[in-house]
Each structure stands twice: as structure tokens, then as C-alpha cells.
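S.K.: Could you work out the structure for the sequence below:
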Amino acid sequence: MIFNKTDAGRIEISGRSHNLSAMQRRVLILVDGKKTVNALQAFVRVGELESALEHLLQEHLIEAAANSADASLQAPAAPGFVAAEQAEAPRPANSAQEFVKVRQQASIFVQQRLGAAGEPICQAIDRCESPAELRKMLRGVEIFVGQRMSPETTQAFARHFGALLL
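M.R.: Residues are numbered from 1 along each chain as shown. As a prediction, the model looks like this:
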């Protein structure tokens, strides 16, 4: 699903006339008619996006892009059948092998950036058994890393691993 800002949404960004939370405002700013809901999830905590989008829709600050729901659907193989092949490569959210790779990448990132101080974090990352568990863990790691590194590095970390775990 893809959303566009309405005229009221564009006015809100420049004028701040509604009482939006910081997170709702961030989502409104990020809505650009190109990012999917999955892409937007990389910028908010788990479980926050749905309520923010719902609020922005109710306030008529965003709207669903034309044909956005249809764009991601795979064409049927024949009437009544779905295609046998996946439309995209396996993602960590639905592939055990990819999840293991992402978990290892996250652990390596922390080890390279924090050295010995990051060892307990690496061990905690390695114990994660699901993408949801790893995503939750990485939110805490993001805060920890953010206190020790540049905002750019922290943001790159959150975007990279957040997008992989959707």
C-alpha cells in the first residue's frame, strides 16, 4: 500500500495546524507517494505505524495512492490459481536462511563499531529466534548505538536492518 499527502497534509507540514504527535508528523513527512507501508515501518517503532496512518487518514492528511493496493499483487497463473513462484526474493521475515544472515550481519555491525563493549549485545542478538524478536532487540541496540555514534551511522543502522526485517 502506498499513500500520498492530500492538500491538507501539505498545508499541515508547513503550518502545523493539527495536534499531531512527533511520530505522526514524521510519518506525514515521509509519505511521498513512493514509499510503501513496509518502507515506512523502518522509521517507526514496531506497532506504531498502523495507528499513525489511521489517524492521518481520519484527519484527511493522506490518502491511498491510486492502484497502490493492486500494484504489489502478483498476476494469477490462471483463473482460480496463484503463481507458484515468489514475486520477490525471500526476506528475513519469511525465510529462515535469510533471517540467520541478517542476525549475523547485525552482530558483526555491533562488534565492528563497539568492539569488546558490544560483546553482550552481540550475544543477545545471536539469541534472537525470530525476525520480530530481532527487530525488537535492534530498537534497543539503535538507542545504545545512537549514544555512542553519529546520528548518520545510527540512522543507517536503523534503516538497513529495519528494512530487512519487514
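S.K.: could you measure the residue at minimal distance from the centre of the chain against residue 110, distance?
M.R.: What sits nearest the mean C-alpha location of the chain, by C-alpha atoms, centre = their mean, is residue 42, with 2.2 Å. Note on residue 42: its distance to residue 110, by C-beta to C-beta, to the nearest Å, is 18 Å. Where you see a C-beta, it was placed from the backbone N, CA and C, and this is true even at glycine.
S.K.: Isn't residue 43 up against residue 31?
M.R.: No - the criterion here is C-beta atoms under 8 Å, and residue 43 misses it with residue 31 at 10.7 Å.
S.K.: higher neighbour count, the two?
M.R.: Neighbours per residue (other C-beta atoms under 10 Å) separate residue 43 from residue 31, with residue 31 holding more: 25 against 19.
S.K.: Return the residues in contact with the more buried one.
M.R.: By C-beta atoms under 8 Å, 6 or more residues apart in numbering, the contact set of residue 31 is 3, 4, 5, 9, 40, 56, 62.
S.K.: That's all I had, so thanks and see you.
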